[in-house]
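**Q** Quick check, what structure comes out for this input:
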Amino acid sequence: MKKRLLLAASTIVAALLIWAAWVAAITYIRAPRMVAELENAGALPFSPSELPRSRICALLVGDKDTTFYRHHGIGLADGHPGHTTITQAIGKRLFFNGFSPGLLHHRKIQLMISAWAFDRRISKETQLRLFLNRVYLGNAEGKPVFGFPAAATVYYGKSLGQLSDSEYLTLVAMLEAPNRDHVILQPKANAERVAWIRQQVQRACGEGCFQGEAPVPCSITTY
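**A** Residues are numbered from 1 along each chain as shown. Below you'll find the predicted structure:
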C-alpha cells in the first residue's frame, strides 16, 4: 500500500514538474515575438526612460513592487507569495484571455511560472514599458482606460510628460484598485492613496529602488 502511495505521489510530482517546465518553455519562446508584435502595432509609444527616476520609484511603490529590479518575476519580499508583481500583471494580459486564479489556484501558479520565464527573457526596462503603456487605469465614460499615456490624456487632457508630480501620483494611486481609488469618481480615496504613496516613496528610494545603483533622489513636489 505504501509503495503504491509513493508511486502515485512520485507520478503526480513528476507530472507537475513537466507541466511547469512546459509553461516556462512556452513563455520563454513566445515572449520576444509578443513584445515585437505590440511594438510593431504602435501599442508601446511611451518609454520609461522619459520619466524621472523618482517617478519610476513612485510607480514601484504604488504597485507595491519595490523589489522589481531585484526579483525574477515573483516578488516575495514585497508581500505574500501570491502578490501580483509588475511582471505578473503584464503576464495576465499577454498570456491569459481573462485571468482568474482557477481551481486550487492553478492558474495563479501558472502565472508565477510564466512571470519567472518572462523575466528571464525580457529586460526590466521593456517590462516597465509594457506596464506603463498597457496597465488598466479605470473607466472613463464607460470605456476602459489602458496605460499611463492614455490616462493622462483622458483624465487631465495632457501628455504624460506634462503632468505635475501630484497629477502623476493620482494615476499611480489607481494601480492597486482602479475603481476604488478612481481619480474622478473616488477623489477622497484617491487622495488618501496619494498621501500613503508620498509617505512611502522617500523611504523606498533611500533603500534603493534600482538594483546596483546609489539611492535615487525622490523629491516629489506637492503641486
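**Q** Contacts only, for the spatially most central residue of the chain.
**A** The chain has Ile86 as the residue nearest its centroid, 1.9 Å off, counting by C-alpha atoms, centre = their mean. Ile86 sits next to 60, 63, 65, 68, 127-128, 131 when contact means C-beta atoms under 8 Å, 6 or more residues apart in numbering. (Glycine included, C-beta is placed from N, CA and C.)
**Q** And those, which is closest to Trp19?
**A** Gln127 (24.5 Å; C-beta to C-beta).
**Q** picking up where we left off before, make a markdown table out of the contacts of Ile86 and add distance to Arg93.
**A** As requested, those are exported to a markdown table (distance: C-beta to C-beta, whole Å):
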| residue | distance to Arg93 |
| --- | --- |
| Leu60 | 19 |
| Asp63 | 15 |
| Asp65 | 16 |
| Phe68 | 17 |
| Gln127 | 12 |
| Leu128 | 15 |
| Phe131 | 10 |
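**Q** Name the spans of the chain whose pLDDT lies under the cut-off.
**A** 75-82, 98-105, 205-208, 210-223 (pLDDT under 70).
**Q** Now do the strands in it.
**A** For the chain, the strands defined by DSSP state E occupy 136-140, 143-146.
**Q** Put the alpha carbons of the last one into CSV.
**A** Yep, that's strand 143-146 we're talking about. Listed next in CSV are the C-alpha coordinates belonging to strand 143-146 (Å, rounded to 0.1, in the frame of the first residue of the first chain):
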residue,chain,number,x,y,z
LYS,A,143,-14.8,52.8,-21.6
PRO,A,144,-11.7,51.2,-20.1
VAL,A,145,-8.5,53.2,-19.9
PHE,A,146,-5.3,51.4,-20.6
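**Q** Tell me which of the strands of the chain sits nearest to Arg55.
**A** Going by C-beta to C-beta, the one of the strands of the chain nearest Arg55 is strand 136-140, 15.3 Å.
**Q** quick check, distance from the closest one to the centre of its chain.
**A** How far strand 136-140 lies from its chain's middle: 15 Å, per C-alpha atoms, centre = their mean, to the nearest Å.
**Q** name the helices or strands packed onto it?
**A** For strand 136-140, the packing partners by 3 or more C-beta pairs under 8 Å, 6 or more residues apart in numbering; DSSP states H and E come out as strand 143-146, helix 148-156.
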